[in-house]
Every structure is written in C-alpha cells, then in structure tokens.
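J.: coordinates only, sequence not included:
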C-alpha cells in the first residue's frame, strides 16, 4: 500500500487509531465470520503501510476501542442486524473482533431511590481526581457494596492489573472480599462508571473470568457502580447467562445529609422488606 494512500488517510483527518483498527479488520474479515483473530504486532506493519505514525502505546489503541469509543463505521456496518462487533483479549498481545448481541446497561428511571446518610469525608470530595476515583471513594466510604449485596465487604485492592489465561492483561477498578452470616466468602470485582461512561460486556466478562481463575474457592459477585448525579449512584449486580451479560439486581442510592432522610422515607423502606 502506497504512502499516497496514507497521505489521503491523514488528509481526511481520520483518527489514526481508527484507521489502523479498521484496516486490520478489513484484511482479516470474511463474510459470515463471527470471530476474527489478530495480533498486536500487526499494528506496526499496518501503520507503516498506511503511512501514518505508529502509536506510542499499542495497548492503548486496543483499550480505547474496548472501553472508551465505538469501533469505526467501516467495521460496524458489516455486523448483521441485532449484532455488533467488539474487541476482546485472546491472550498476551492477542485479540479478536467478536460478533455479539449489544448489551445496554443503563440506570432505570422508575426505580425507588434509597437515601443514605453521606459518610464521605469532605476532604475526599474536595480532592478526588476524576469521576471514577470520586465514585470508588464514595462507594467505599459509604459501604455501598455491603448495603447493596447484604454482606460484610472489604476493599482488597484497587486498579488491580493482572493477566488472565485466554484473555491477557486486564485491570479491575476495585476488588472487594466479603463474608455473609453463614460464613460464605465472596470475591467482588467492582467497575466504576462516570455519568457519560457506558457499561460494556467485556469488563464484566473479564472481571468474572479473573475471579474464577485467581479465587476459585470464593463466590464471585460482579458489581458495577455508576454516577446518575454527583450524589446519586446506581449499583448493578451483573452475571453471565447464555453468553450474555445480565442484570441480577439494581438499586439507586442518594448520598444526603442525615437530616434529609425523612420519616416518610423510612416508612417506605420498611414496606420494601415486608
């Protein structure tokens, strides 16, 4: 492929990540395919053939399309109706485009909101960096994992980076361990989403796979938290059924001053458990 074509790509102002990923897909795609494997080493060759600068962080090229942005339209339009392409890990520096049904996990608008006296230290709120960090801190200080799952839960590690067989390197936003009244022990991966971020199947799938591999004797309960507003948080418990990510439970919590929890609120919460 000539540099002239590469110049054309650049002149159109196309994102170089998108250009590389779309070209890799084009080279491997065959009609009727549901999984298309490729290696990270191909990125350098494709960038050279397109005449565009090689991304400094090849892993970030993949990560951006797994969790941050949609795949290029040239890839998306090849998916049959009711399906979409995603990128998933297949091992160390190995990936695949995979054809799946879309997963849309968004907070319900008709759900009862439970008011929780806000236990977040004010200094944490003042200095938390970014939506994800602020969300994880509020979940932790207000013990929302405990409240949501009905168990005693303890933060084990945040931003855990590790490798999982058959997937490659992953990162879990925060990992909790827990125990219930019967002595059953749990491993709880928590993913955090800011108000505009989208839940995706891949993080749930890889979080569960990691917990099953690293903690086989513990019960895995996958949780996702999302800001609805700066004080209101949606909590989801997610599971995999028939190859798709499903919602097991959803609750919304509003972190408020204790004085804002009224007798009427408490009466409503009592009725929920009768």
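T.: Received it, and whenever you're ready, just let me know what you need. Everything quoted here is computed from the prediction, not taken from an experiment. Numbers count the residues shown, from 1 in each chain.
J.: for the rest of this, base every contact and every neighbour count on C-alpha atoms.
T.: OK.
J.: what pairs with residue 233 across the strands?
T.: Residue 233 forms beta bridges with residue 227, residue 253, as assigned by DSSP bridges.
J.: list the contacts for it?
T.: By C-alpha atoms under 8 Å, 6 or more residues apart in numbering, the residues touching residue 233 are 225, 226, 227, 252, 253, 254.
J.: for residue 191, see how far away residue 115 is.
T.: For residue 115, the distance to residue 191 equals 22 Å [C-alpha to C-alpha, to the nearest Å].
J.: higher neighbour count, those two?
T.: Legend: neighbour count by other C-alpha atoms under 10 Å for residue 115 and residue 191, higher for residue 191 (24 against 20).
J.: just say helix, strand or coil for that one.
T.: Following DSSP: H, G, I helix; E, B strand; the rest coil, residue 191 is assigned to strand.
J.: OK, contacts around the nearest residue to it once chain neighbours are set aside?
T.: Spatially, and ignoring its direct neighbours in sequence, residue 191 is nearest to residue 224 (4.7 Å; C-alpha to C-alpha, 6 or more residues apart in numbering). By C-alpha under 8 Å, 6+ apart, the contact set of residue 224 is 190, 191, 192, 193, 235, 236, 237, 238.
J.: is the third one in contact with residue 228, as I believe?
T.: By that I understand residue 192. No - Residue 192 lies out of contact with residue 228 (C-alpha atoms under 8 Å); the separation is 11.9 Å.
J.: more crowded one of those two?
T.: residue 192 (24 against 18).
J.: pairing partners for that one in the sheet, please.
T.: residue 225.
J.: per-residue confidence for it?
T.: Looking at residue 192, its pLDDT stands at 93.
J.: same question, residue 14
T.: Residue 14 is assigned 47 on the pLDDT scale.
J.: among the contacts of residue 224, who's most crowded?
T.: The contacts of residue 224, ranked by neighbours (other C-alpha under 10 Å): first place residue 190, 28 neighbours.
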